[in-house]
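A.B. asks: below: sequence and its predicted model.
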Amino acid sequence: MCLFFIASLLGVAGLAYALVEVPDVNAATQIQSNVYYYSDGVTEIGQTGKYNRQNVTLDQVPKDVQRAVLAAENRTFYSDSGVSVTGLSRAALAMATGGEKQGGSTITQQYVKNAFLSQEQTFERKFKEMFIAIKVDRQMTKDEILAGYLNTSFYGRNAYGIQAAAQAYYNKDAKDLTVGEGAYIATLLNAPSLNDVFVDGEVSETRLERVKGRWKWILNGMVEQKWLDQATADSAQFPMPIKPQPSSSKAGQAGYLMKLADDYVKQHNIISEEELALGGYKIITTIDKDKQDAAVAAVKTQLYDQLKPDKREADRNVRVGVASVVPGDGAVVALYGGPDFVKQEYNDATRDDIQVGSTFKPFVVAAALREGKYDGKPITVEDLYNGDSGLPVKLPDGKQAMDTQTKKPYIVPNEGDQDYGQISIRYAMEKSANTVFTQLSADVGWEAVRQAAIDAGLPEDTPELAAGPSMALGVSQPTALDMASAYATFAARGKHVDPYVIKEIRKNDKKVDFPKPQPKQVFDEEVADTINDVLVGVIQNGTGKEAKALGRPAAGKTGTTDSNLSAWFVGYTPNLSTSVALFGQDDRNHRYSLKGLLGDDSEDAVHGGGPPTKIWTAYMKGATSKLPAENFTKPENPAPKQTPTPTAPPSSSAPPSSSAPPSSSAPPSSAPPSSSSAPPPPPTPTSETPTATATSSPPGGGGGNGPGGWPWPTTTATATGTATATATDKGRPGN
């Protein structure tokens, strides 16, 4: 029976071999353009330029470069049969079990896939590939196959073939490549987009170190095959490729939007990098043409038209990112990535290295409303906390949060060292009182605050999003798109939807199927309604007053960071959420202070309530002009508003002194309510000046810290909530 089974398999294989013909070189080698459209499916954003391919003969490729490719991809190429049975088995098993897609192919198989078949990972394609590869290996010489492989492979940067790759990465012909350059180009064959050391026009140090490891592995492989001597391999220096040159067809915002779409389809495994590069796709994005134009116009009129870089240093190299998302749906309808993709490829709306400052504070309140309790009672936004500047943060066990470097209490100053006395959480949000939110986050638990931010929409791997006392002040670095998405969760009454940028994809009039992100209820509606109500107050009565000019119900929060290195405004209506991030970055990629931006007579311009809010308002006026003016849903069971008592705070939250540090700030249960239609009046600052207990300070003055401001301890954001804080802040965000 076993012999019969084996004989049957051999018979089937023989029949398949006989029936499978080597096809003509397929149309995949004739690259087409991808065309990108706005959400109407008619108005074109742009398209990929003509493909970059120039075939060369094998004798035009240095022998060392040929061998570098063999060392990277198929060291037994000249002796094998053209098919790797073990590689095919691994790939088939991965496909059958739903595992990660694998190639498992020899150079001959890869050439067959490139020249005769498609890039899709299916049993049918693999089956054909195997038998065609066997026939090709018999019908063509190894040199012919290798030449075909080098000329049909994709190397990234829209380069097909080794000649195009040599020009794209080293600005030279293939015949002039060195062994080191050839080894780097060989690394690209494995994963072009992952092994290009440039990311958005800038060198990625992390990627560079990883790629150097593979590059060295290729050189050592050449040594093992006796194609290169050890001394040459050891002395080789990594040949840094040139910076990618964006196509002129991607000028203005087009390049940012097209790359955003490309990244989305690749990251969500909708289309492989190779298939996308082959082109022929009609990609309809979610970007609304009118809203996109409104974003560009708002940045121009509210910022760039007012800059005088020849007279003011702060006006030079100022950068801004804008992102706009539909609440409850996730569609990205506008995105401003920079002044011109050709001149600045890095997308400022999707970069994750800008501290968000006090725009993080709503996540603290979300955590408090969702699960925070004090003395067994739920926390409300009307609870009173001590808003004086210079308060040490206390942990739930009554101990002070300590800075492990200075061994002194973690001290929190307010913007301008302002004392507020006893104020409600609501009023603290309007004035962005730091001390209230650092203590509130400690009461709720830092891990709970971190989780609330993640649930709202910040990625878990957001830089500096670590649980600790500084987290409440916004040391984390989400993208502008992340923040627009997270605030959209509040606008959608607690429903979060991951942002997406692709509406529809077609190729040859056939629709490409892919899933649309689905909404998830991450906060109770009452929690979201309360946050919306509080953030409406920030615009009506607080630091975001510039946004009142929108003329319709809106909520939002300002944010300014240490030394005025960045300024934010994130705000929303019930039907549109938008974030604006402003920062300065010089030609050497160093950050500089925004202080003095737009002139010395506009000192407030460096804060979130300045240009970011003005840009937001100008954009939202245009973007919402055709949308209904909707009201936010009011909380069903609002807590009675508390009256602040700045001159006589309860003993449980007394201002700190050298002998009596404050205990956790419990809200008084008998405080009388104030008018439900107006926030508490600003309290008169107390005359008592607390004694600072920490002596270290971060770089810069921080968030508008005025004369006599409190020293600021350098802390970390990884404290567990037991007794100490243990990681390092990168600056103190303000309001």
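C.D. replies: Good, I have the coordinates. The model shown is predicted, which means the values in this text are computed figures rather than measured ones.
A.B. asks: drop to CA atoms for contacts and neighbour counts, all remaining ones
C.D. replies: OK.
A.B. asks: does residue 371 touch residue 444 like I think?
C.D. replies: Yes: counting by CA atoms under 8 Å, residue 444 is a contact partner of residue 371 at 7.5 Å.
A.B. asks: who has more neighbours, these two?
C.D. replies: Neighbours per residue, other CA atoms under 10 Å: of residue 371 and residue 444, the larger number sits with residue 444, 24 against 14.
A.B. asks: what's the nearest residue to that one if we skip its chain neighbours?
C.D. replies: Spatial nearest neighbour of residue 444, excluding adjacent residues (CA to CA, 6 or more residues apart in numbering): residue 372 at 4.9 Å.
A.B. asks: what does residue 257 give?
C.D. replies: Take residue 257 and drop its neighbours on the chain: the residue closest to it by CA to CA, 6+ apart is residue 335, 7.5 Å away.
A.B. asks: correct me if wrong, but that neighbour is in a helix.
C.D. replies: No: read with DSSP: H, G, I helix; E, B strand; the rest coil, residue 335 is strand and lies in no helix.
A.B. asks: residue 304 versus the residue nearest to residue 444, what's the distance?
C.D. replies: Using CA to CA, to the nearest Å, residue 372 is found at 44 Å from residue 304.
A.B. asks: who has more neighbours out of the two?
C.D. replies: residue 372 (22 against 17).
A.B. asks: wait, that one sits on residue 379?
C.D. replies: Yes: at 5.8 Å, residue 372 counts as touching residue 379 under the criterion of CA under 8 Å.
A.B. asks: in contact with the residue nearest to residue 444, which residues?
C.D. replies: By CA atoms under 8 Å, 6 or more residues apart in numbering, the contact list for residue 372 reads 378-379, 443-444.
A.B. asks: tell me the spacing between the residue nearest to residue 257 and residue 294.
C.D. replies: 10 Å.
A.B. asks: please identify which of these two sits among more neighbours.
C.D. replies: The neighbour comparison of residue 335 against residue 294 (other CA under 10 Å) goes to residue 335, with 31 against 21.
A.B. asks: partner residues bridging that one?
C.D. replies: As for beta bridges, residue 335 partners with residue 323 under DSSP bridges.
A.B. asks: any idea how far it lies from residue 381?
C.D. replies: Computed as CA to CA, the residue 335 to residue 381 distance reads 33 Å.
A.B. asks: skipping adjacent residues, who's closest to residue 636 in space?
C.D. replies: In space, and not counting its chain neighbours, residue 636 is closest to residue 526: 6.8 Å by CA to CA, 6+ apart.
A.B. asks: ok, the longest strand that the chain contains: who's next to it in the sheet?
C.D. replies: The strand that spans the most residues within the chain, counting by DSSP state E, is strand 576-585. Sheet pairing here is set by DSSP bridges, and for strand 576-585 it gives strand 318-325 (antiparallel), strand 566-573 (antiparallel), strand 591-592 (antiparallel).
A.B. asks: and for residue 268, the neighbour number?
C.D. replies: Residue neighbour count, defined by other CA under 10 Å, stands at 11 for residue 268.
A.B. asks: wait, a helix at residue 450?
C.D. replies: Yes: using three-state DSSP, the secondary structure at residue 450 is a helix.
A.B. asks: from residue 460, how far out is it?
C.D. replies: Distance, residue 450 to residue 460, using CA to CA: 9 Å.
A.B. asks: ditto for residue 378
C.D. replies: Taken as CA to CA, the span from residue 378 to residue 460 is 27 Å.
A.B. asks: can you tell me the SS state at residue 240?
C.D. replies: coil.
A.B. asks: re earlier: turn the buried ones among the contacts of residue 372 into a named ChimeraX selection, would you?
C.D. replies: When burial is assessed using 16 or more other CA atoms under 10 Å, the buried subset of the contacts of residue 372 is captured in ChimeraX by this command:
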select :379,443,444
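A.B. asks: what is the nearest of the contacts of residue 372 to residue 423?
C.D. replies: Using CA to CA, residue 379 comes nearest to residue 423 of the contacts of residue 372, at 14.1 Å.
A.B. asks: surely the closest one touches residue 365?
C.D. replies: No: look at residue 379 against residue 365 with CA under 8 Å: they stay out of range, at 9.2 Å.
A.B. asks: how far off centre is the biggest helix by length in the chain?
C.D. replies: The longest helix of the chain (DSSP state H) is helix 205-224. Offset of helix 205-224 from its chain centre (CA atoms, centre = their mean, to the nearest Å): 28 Å.
A.B. asks: same for that helix, what does it pack against?
C.D. replies: Identification of packing neighbours for helix 205-224 by 3 or more CA pairs under 8 Å, 6 or more residues apart in numbering; DSSP states H and E yields helix 63-73, helix 179-188, helix 192-195, helix 230-235.
A.B. asks: residues in contact with the last one?
C.D. replies: Yep, that's helix 230-235 we're talking about. Outside helix 230-235, the residues that touch it by CA under 8 Å, 6+ apart are 216, 219-220, 223.
A.B. asks: with just CA atoms, put that helix into CSV.
C.D. replies: The C-alpha trace of helix 230-235 is given here as CSV (Å, rounded to 0.1, in the frame of the first residue of the first chain):
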residue,chain,number,x,y,z
GLN,A,230,39.0,37.2,6.0
ALA,A,231,41.2,40.3,6.2
THR,A,232,39.1,42.1,3.6
ALA,A,233,35.9,41.2,5.4
ASP,A,234,37.3,42.4,8.7
SER,A,235,38.5,45.7,7.4
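A.B. asks: so which bits of the next helix or strand after that helix are buried?
C.D. replies: Downstream of helix 230-235, the next assigned helix or strand under DSSP states H and E is helix 254-267. Neighbour-count burial for helix 254-267 flags 254-262, 264-266 (criterion: 16+ other CA under 10 Å).
A.B. asks: next, count neighbours for residue 515.
C.D. replies: Neighbours of residue 515 under the rule other CA under 10 Å: 7.
A.B. asks: quick one: it from residue 503, how far?
C.D. replies: 10 Å.
A.B. asks: looking at the helices and strands packed on helix 205-224, which is nearest to residue 563?
C.D. replies: Closest approach to residue 563 among these (CA to CA): helix 192-195, 35.0 Å.
A.B. asks: quote the end-to-end distance of stretch 401-416.
C.D. replies: One end of stretch 401-416 sits 23 Å from the other (CA to CA).
A.B. asks: returning to what we had before: which one's more surrounded, residue 450 and residue 460?
C.D. replies: Between residue 450 and residue 460, residue 450 has the larger neighbour count (other CA under 10 Å), namely 22 against 14.
A.B. asks: sounds good, over and out.
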